[in-house]
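J.: sequence and predicted structure, then a few things I'm wondering about:
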Amino acid sequence: MHLQPDFMVERIWDISPQRLRAEGIRFLIIDLDNTLVDWGQARLRGEVERWAKQCRELELSICICTNARCKPRTARIAARLGAGYLSAAGKPFAQAYRRALELLRADAPETAFIGDQIFTDTWGANRLGLRTFLVKPLSPRDFPATRLPRLLEQRLFRSWRKSCLLYTSPSPRDRTRSRMPSSA
Ligand SMILES: [Mg+2]
């Protein structure tokens with residue numbers, strides 16, 4: 001089971017769009033709840049809007065990929081970010097990521113996936129060969145069924161932190177792609 005993300009960051013806006021472009025990434029598939037917005041909310045934080053604007057300016061195309069079934073909310077958020085979207089996507093199954101790649105007309109090697117859950121977002125995206133970023137959940141609120149996975153995630157976080165390569169600075173000078181030394 002390849003669970004480890006390529007990168008861990010605190011927040012989505014810590015990921016440098018300039019660096020992504022410099023490293024050949026042109027497409028972003030992004031989870032919705034607790035990654036782009038607080039869980040179940042439609043309001044976008046200013047930091048997220050500014051980050052998405054930078055992405056647009058650098059011609060990074062975005063597709064929101066969420067398992068949430070509330071299509072109107074996802075559509076409104078996507079419109080504000082100038083993004084495409086998939087709701088009720090069915091992560092971590094491969095079809096969810098393939099549909100997002102099709103929507104973007106993207107190939108896996110030039111696509112990154114950003115999400116807050118190891119067992120859905122990261123695991124599924126790793127299987128498709130996308131570059132994976134794991135962010136900390138934006139809010140403590142969560143879907144009730146995610147409580148058990150969250151406990152397991154906490155254990156993984158702790159063990160990965162000991163192996164140190166979890167956080168990378170978004171400095172454009174640092175072109176080294178940090179990989180975790182072993183998979184979980
Ligand atoms: Mg999420």
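T.: Structure's in. What do you need?
J.: tell me, how many neighbours does the closest residue to D33 other than its chain neighbours end up with?
T.: Here the nearest residue to D33 in space, its sequence neighbours aside, is W39; by Cβ to Cβ, 6 or more residues apart in numbering that works out to 4.8 Å. Quick note: C-beta positions are derived from backbone N, CA and C, even for glycine. Other residues within reach of W39, judged by other Cβ atoms under 10 Å, total 18.
J.: mind checking the SS state of W39?
T.: When the structure is reduced to helix, strand and coil (DSSP: H, G, I helix; E, B strand; the rest coil), W39 reads as coil.
J.: got the contact list for it?
T.: The neighbours of W39, taking Cβ atoms under 8 Å, 6 or more residues apart in numbering as the test, are 33, 137-139, 141-143.
J.: what does it show for phi and psi?
T.: In this entry, W39 is assigned phi and psi values of phi -50, psi 130 (degrees, to the nearest 10).
J.: any idea how far it lies from the ion?
T.: Note on W39: its distance to the ion, by Cβ to the ion, to the nearest Å, is 7 Å.
J.: from the contacts of W39, pick the one nearest the ion.
T.: Within the contacts of W39, proximity to the ion (Cβ to the ion) peaks at D33, which comes in at 4.4 Å.
J.: quick one: residues contacting the closest one.
T.: For D33, the set of contacting residues under the criterion of Cβ under 8 Å, 6+ apart consists of 39-40, 66, 68, 116, 143.
J.: may I see the residues you listed arranged in CSV, with pLDDT and distance to L3 as well?
T.: Below are those laid out as CSV (pLDDT from 0 to 100; distance: Cβ to Cβ, whole Å):
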residue, pLDDT, distance to L3
W39, 93, 22
G40, 93, 25
T66, 97, 20
A68, 94, 22
D116, 95, 14
F143, 71, 19
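J.: from those, keep the buried residues only.
T.: 39, 66, 68, 116 (16 or more other Cβ atoms under 10 Å).
J.: surely the third one and K91 touch.
T.: No. Using Cβ atoms under 8 Å, A68 and K91 do not qualify as a contacting pair, with a distance of 10.6 Å.
J.: mind saving the C-alpha coords of stretch 16-31 as CSV?
T.: Extracted C-alpha coordinates of stretch 16-31, given in CSV (Å, rounded to 0.1, in the frame of the first residue of the first chain):
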residue,chain,number,x,y,z
SER,A,16,4.4,27.4,-4.5
PRO,A,17,2.7,27.6,-8.0
GLN,A,18,6.0,28.9,-9.4
ARG,A,19,7.8,25.9,-8.2
LEU,A,20,5.2,23.5,-9.5
ARG,A,21,5.5,25.1,-13.0
ALA,A,22,9.3,25.0,-12.8
GLU,A,23,9.1,21.3,-12.1
GLY,A,24,6.8,20.6,-15.1
ILE,A,25,3.4,20.4,-13.3
ARG,A,26,0.6,22.0,-15.4
PHE,A,27,-2.5,20.5,-13.8
LEU,A,28,-3.8,20.2,-10.3
ILE,A,29,-6.5,17.9,-9.0
ILE,A,30,-7.6,19.1,-5.6
ASP,A,31,-9.8,17.7,-2.8
